[in-house]
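1. what follows is a predicted structure for the sequence shown.
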Amino acid sequence: MTLEELGCNITEKKMETVSQALEELLVAAQQQDCLTLGVYESAKLMNVDPDSVVLCVLATDEEDEDDIALQIHFTLIQAFCCDNDINILRVSGIRRLAQVLGEPSTVDSNGNEPKDLHCILVTNTQCQSLKCQALQDVGNYCEESRCKNQWVPYLALQER
């Protein structure tokens, strides 16, 4: 095994660990009613109470890459998060996010539209139970990425 192969294996394991931590964090936050879903809902919350936000997840898939309006929203949200020391994570795999959160990814039989999962905020309420290992793992990954001048780290969520 070469040094380059070893580095790739370590990176893959790290990404897998962070992906799993993110999924655990989102489920725990959802159970504690500490999630805000949607670009507009997230913007409203950050305008009112930015100090309560501990993580901003921006999610896209390939079909969203050409959505100029969404990319402009993401740019503004990223700038706001950087100004307010909020960890940001860009992910691909909206279907996996929907799966993790138990949300339908398509229109259901009643004609209800799926929730907007392009922006997800994790807030820290008065209870400190979100100070869990998963939050620390995701936060450490974001911090390590910033040290490498990657201000908005990227993570690909894998279908399971």
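-> Yes, it's here.

2. the residue sitting nearest the centre point of the chain: which element?
-> Closest to where the C-alpha atoms of the chain average out (CA atoms, centre = their mean) is residue 57, at 2.3 Å. Using DSSP states H and E, residue 57 sits within strand 53-60.

3. residues making contact with that strand?
-> Identification of contacts with strand 53-60 by CB atoms under 8 Å, 6 or more residues apart in numbering yields 22, 25-26, 42, 45-46, 70, 74, 77-78, 81, 84, 86-94, 97, 117-124, 130, 135, 138-139, 142, 152. Where C-beta positions appear, they are placed from N, C-alpha and C, glycine not excepted.

4. got the CA positions of that strand in PDB?
-> Output in PDB follows, covering the C-alpha atoms of strand 53-60 (Å, rounded to 0.1, in the frame of the first residue of the first chain):
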ATOM      1  CA  VAL A  53     -27.900  27.900  15.500                       C
ATOM      2  CA  VAL A  54     -25.100  25.400  15.900                       C
ATOM      3  CA  LEU A  55     -25.000  23.900  12.400                       C
ATOM      4  CA  CYS A  56     -26.200  24.800   8.900                       C
ATOM      5  CA  VAL A  57     -26.500  22.000   6.400                       C
ATOM      6  CA  LEU A  58     -26.900  23.000   2.800                       C
ATOM      7  CA  ALA A  59     -28.000  20.100   0.600                       C
ATOM      8  CA  THR A  60     -28.100  19.800  -3.200                       C
END
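
5. quick one: residue 39 and residue 121 touch, right?
-> No - using CB atoms under 8 Å, residue 39 makes no contact with residue 121, being 10.3 Å away.

6. and those two? which has more neighbours close in?
-> Of the pair residue 39 and residue 121, residue 121 is the one with more neighbours under other CB atoms under 10 Å, namely 25 against 19.
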